[in-house]
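Engineer: Any chance you could fold what I've pasted below:
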Amino acid sequence: MQQRIINPSDGIFATTPDYVHGLEVTGATRQLYISGTVGLAEDGTAPDTLDAQLALIWHNIGRILRAGDMTENNIVRVTSDLTDRGQIEANQDARLKALGGRAVPATAIVVQTLFDAWLVEVEVTAVA
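Structural biologist: Here you go, the predicted structure:
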């Protein structure tokens, strides 16, 4: 599988280090769509802090990826549902840490989650 970042520089706004306009994938034979994942511990409880929930989210995503014989390197798209605009930087930092600094197409929106204790929900697409 090959991945190629598509970042035109003329006639469009510039990207930032954590963002790419597009990602072309060729040679992939498998796709894994991971449902919106929240920061729940194995016992189903959500920690009180944003950072703890983000750590659990990316731990849980990693576990799902490994169960599908993939790693974070296979992630090609991330959508984050935040409950507050003030979460943008922490969410970005957690995503970049989980992806080893690799930028992929990403979208973050502010929403109301199903339960007040869920501060963030992250959905990813991975290919292999």
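
Engineer: Secondary structure element holding Leu54?
Structural biologist: Element membership for Leu54 (DSSP states H and E) is helix 50-67.

Engineer: So which residues lie in contact with that helix, not counting its own?
Structural biologist: Contact with helix 50-67 is made by 32, 34, 37-41, 46-47, 71-72, 74-75, 87, 90-91, 94-95, 97-98, 118-122, 124, 126, as judged by C-beta atoms under 8 Å, 6 or more residues apart in numbering. Where you see a C-beta, it was placed from the backbone N, CA and C, and this is true even at glycine.

Engineer: Please spell out the ChimeraX selection for the buried subset of those residues.
Structural biologist: Here is the ChimeraX command that selects the buried residues among the contacts of helix 50-67 (16 or more other C-beta atoms under 10 Å):
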select :32,34,37,38,39,40,46,47,72,74,75,87,90,91,94,95,98,118,119,120,121,122,124,126
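
Engineer: which ones among the contacts of helix 50-67 are found in helices?
Structural biologist: Taking DSSP state H as the definition of helices, the contacts of helix 50-67 contribute 90-91, 94-95, 97-98.

Engineer: can you tell me which residues contact Val109?
Structural biologist: For the record, residue 109 is Ile, not Val. For Ile109, the contacting residues are 79-82, by C-beta under 8 Å, 6+ apart.

Engineer: residue closest to the middle of the protein?
Structural biologist: Centre of the chain computed as the mean C-alpha position; nearest residue by C-alpha atoms, centre = their mean is Val78, 3.7 Å away.

Engineer: tell me which residues form a beta bridge with that one?
Structural biologist: For Val78, the beta-bridge partners under DSSP bridges are Ala106, Val124.

Engineer: Low-confidence ranges, the chain, go.
Structural biologist: For the chain, no stretch has pLDDT under 70.

Engineer: related to what we said a few turns ago, check the spacing between the residue nearest to the centre of the chain and Ala28 real quick.
Structural biologist: Separation of Val78 from Ala28 (C-beta to C-beta, to the nearest Å): 17 Å.
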